[in-house]
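In: Below are the sequence and a predicted model for it; my questions follow.
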Amino acid sequence: MFERELLKNLEQWSESKDRKPLVLRGARQVGKSTLVDEFAKKYQIYLKLNLEKHADALLFEDYTEINTLINAIYVANRQEKLPVSTILFIDEIQNSPKAVAMLRYFYEEANWLHVVAAGSLLESLMDKHISFPVGRVEFMAVHPCSFTEFLNGIGEGFDQRLVENIQAEAVHSRIMQNFRNFTVVGGMPEVVKKYAERRDILACDNIYDGLLTAYTEDVEKYARTQTLTQVIRFLIAEGWRYAGTPITFESFGSSNYRSREVGEAFRMLEKTMLLELVYPTTSTVLPILTSRNRKPKLIWLDTGLVNFVAGIRNEVFSVPDIADVWRGSIAEHIVAQELVANKTKVLLRRQYWVRQKIDASAEVDFVIPYKGMLIPIEVKSGHNAKLRSLHQFMDRTPHDIAVRIWSNPFSIDEAATTNGKKFRLLNVPFYYVCVLEKVLDKYV
């Protein structure tokens with residue numbers, strides 16, 4: 001187990017006076033169970049249930065009074081009930097609606113017990129088949145590993161001094177090489193672990209295959225119709241090739257499927273947190289207003305899986321600048337992944353910017369809220385990269401901060417739009433995206 005940033009968030013949760021049962025949400029195999037196993041080492045007693053096991057699920061059928069249930073859980077775990085720090089982990093909780101309902105009573109009548117729950121496909125089942133008690137639980141999103149976690153996983157480590165001294169050019173080449181490796185491998189914990197052991201990306205192929213098979217089988221279980229099952233299979237087989245690009249639902253991937261069918265399948269996959277349909281905004285100030293009548297960009301949960309399915313790993317390895325791979329889509333995709341990697345808010349969504357005119361071509365890769373401002377982010381290579389869309393955004397926003405993500409060392413340009421507005425352009429190396437807020441804190 002390599003250290004995950006979310007351990008710090010779990011620590012804060014455990015120490016909170018207003019602590020509620022915590023539900024971890026995320027796609028299968030992003031490391032939810034392993035994360036809890038590691039965090040539980042700080043407790044004197046670790047109680048664990050897996051509700052895929054009939055005997056564990058039966059506890060919530062047989063015992064409906066909270067104290068009796070807790071006693072039965074101790075017995076099932078062969079643990080003596082002692083007045084010491086104790087955590088209960090309920091895995092695969094989606095298999096028991098009664099277990100979900102019981103979270104309320106863990107909060108109201110047994111708050112001394114720290115309770116964490118997780119499960120597969122929670123998102124697709126919520127509101128229809130199961131309903132978490134409102135106001136009695138809290139949620140935390142779990143994503144694939146960030147670049148800093150990847151470095152920890154392969155034994156490199158991310159030196160905190162790099163954040164404190166952002167312009168450390170001496171180590172730039174080495175870190176960029178590691179980031180290139182991260183872009184190829186991705187952030188799925190099991191893949192990172194295998195890569196750390198073998199340092200051979202091909203050794204991870206069986207893991208990628210297993211993940212894709214599991215995702216397909218999982219989602220198919222809950223498809224309402226045979227047509228929806230077929231569309232989901234098609235999207236999981238072919239959709240990775242459209243990663244990082246704006247898509248249309250009608251005849252997606254040169255298929256014969258209609259817009260309604262593809263849209264329903266994409267939304268179901270989005271609920272399982274396998275992907276996100278990233279819609280644009282025309283806003284240049286907060287709040288961000290999403291334009292759902294425009295094309296969304298397709299962002300999958302992990303760039304390593306995209307590379308594997310699309311068959312472009314050699315290209316990522318061979319080009320001098322990852323921003324030049326696949327027309328820039330892979331660079332944009334890994335930036336999208338890093339923007340949420342260490343974020344815990346379940347409802348967090350990414351946005352990109354387009355001009356208000358429907359036929360306008362101006363587009364900025366991402367926008368993020370920061371201290372009351374909407375910061376534009378372009379993923380471009382080279383000092384002479386054209387930034388016309390960024391200039392158009394800056395002409396329309398009241399602040400003077402913009403970000404370019406690139407493969408060169410950190411720098412700041414005093415720039416001006418074609419209309420003469422002066423602004424500061426922070427040129428940020430790819431490896432700082434996962435700590436971008438700290439970079440902004442330092443220079444804004």
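Out: Received, thanks. Numbers count the residues shown, from 1 in each chain.

In: And the average pLDDT for stretch 381-400 is what?
Out: The predicted model gives stretch 381-400 an average pLDDT of 87.

In: just checking, residue 118 touches residue 36?
Out: Yes: using CB atoms under 8 Å, residue 118 is in contact with residue 36, at 7.0 Å. The C-beta positions use only the backbone N, C-alpha and C, and glycine is treated the same way.

In: between the two, what contacts are shared?
Out: The contact sets of residue 118 and residue 36 overlap at 24, 89, 91 (CB atoms under 8 Å, 6 or more residues apart in numbering).

In: Of these, which belong to helices?
Out: Nothing among the shared contacts of residue 118 and residue 36 maps onto helices, per DSSP state H.

In: among those residues, who's most crowded?
Out: When neighbours are counted by other CB atoms under 10 Å, residue 24 leads the shared contacts of residue 118 and residue 36 with 26 neighbours.

In: Could you find the closest non-adjacent residue to that residue?
Out: Nearest non-adjacent residue to residue 24, counting by CB to CB, 6 or more residues apart in numbering: residue 118, 4.1 Å away.

In: where's residue 413 relative to residue 306, distance?
Out: Plainly put, residue 413 is 31 Å away from residue 306 if you go by CB to CB, to the nearest Å.

In: ok, those two, which is more surrounded?
Out: More crowded of residue 413 and residue 306, by other CB under 10 Å: residue 306, with 28 against 13.

In: quick one: secondary structure of the more buried one?
Out: helix (DSSP: H, G, I helix; E, B strand; the rest coil).

In: residues touching it, list them.
Out: Residue 306 sits next to 186, 240, 243, 244, 300, 330, 333 when contact means CB under 8 Å, 6+ apart.

In: Redo these as JSON lines? Include pLDDT, neighbour count and distance to residue 372.
Out: Formatted as JSON lines, the contacts of residue 306 follow (pLDDT from 0 to 100; neighbours: other CB atoms under 10 Å; distance: CB to CB, whole Å):
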{"residue": "186", "pLDDT": "97", "neighbour count": "26", "distance to residue 372": "34"}
{"residue": "240", "pLDDT": "95", "neighbour count": "23", "distance to residue 372": "37"}
{"residue": "243", "pLDDT": "96", "neighbour count": "26", "distance to residue 372": "32"}
{"residue": "244", "pLDDT": "95", "neighbour count": "24", "distance to residue 372": "29"}
{"residue": "300", "pLDDT": "98", "neighbour count": "24", "distance to residue 372": "31"}
{"residue": "330", "pLDDT": "96", "neighbour count": "26", "distance to residue 372": "32"}
{"residue": "333", "pLDDT": "97", "neighbour count": "26", "distance to residue 372": "28"}
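
In: which one of the residues you listed is nearest residue 172?
Out: For the contacts of residue 306, the minimum distance to residue 172 (CB to CB) is 20.2 Å, reached by residue 330.

In: Just name whatever secondary elements the helix or strand that closest one falls within is in contact with.
Out: According to DSSP states H and E, residue 330 maps onto helix 329-340. Where contact means 3 or more CB pairs under 8 Å, 6 or more residues apart in numbering; DSSP states H and E, helix 329-340 is packed against helix 172-185, strand 297-300, helix 303-310, strand 363-370, strand 373-379.

In: if we can go back for a sec, closest one of the shared contacts of residue 118 and residue 36 to residue 179?
Out: residue 24 (27.2 Å).

In: how about the closest one, what does it touch?
Out: By CB under 8 Å, 6+ apart, the contact set of residue 24 is 32, 35, 36, 116, 117, 118, 139, 140, 141, 142.

In: So which of the residues you listed sit within strands?
Out: In strands, defined here by DSSP state E, the members of the contacts of residue 24 are 116, 117, 118, 139, 140, 141.

In: possible to save these as CSV with distance to residue 78, pLDDT and neighbour count?
Out: Output for those, formatted as CSV (distance: CB to CB, whole Å; pLDDT from 0 to 100; neighbours: other CB atoms under 10 Å):
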residue, distance to residue 78, pLDDT, neighbour count
116, 20, 98, 25
117, 21, 97, 28
118, 22, 95, 22
139, 31, 95, 16
140, 29, 96, 21
141, 33, 96, 17
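
In: mind putting these in JSON lines, distance to residue 258 included?
Out: Formatted as JSON lines, those follow (distance: CB to CB, whole Å):
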{"residue": "116", "distance to residue 258": "41"}
{"residue": "117", "distance to residue 258": "38"}
{"residue": "118", "distance to residue 258": "35"}
{"residue": "139", "distance to residue 258": "34"}
{"residue": "140", "distance to residue 258": "37"}
{"residue": "141", "distance to residue 258": "32"}
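
In: where does the helix holding residue 330 sit relative to the chain's centre, distance-wise?
Out: 10 Å (CA atoms, centre = their mean, to the nearest Å).

In: List the pairing partners of the following helix or strand past it within its sheet, with orientation.
Out: Counting by DSSP H and E, the element after helix 329-340 in chain order, helix or strand, is strand 351-354. Strand 351-354 has the following strand partners under DSSP bridges: strand 280-281 (parallel), strand 363-370 (antiparallel).

In: Contacts made by strand 351-354 with the rest, please.
Out: Counting by CB under 8 Å, 6+ apart, 278-284, 288, 290-291, 294, 297, 360, 362-367, 376, 389, 393 sit against strand 351-354.
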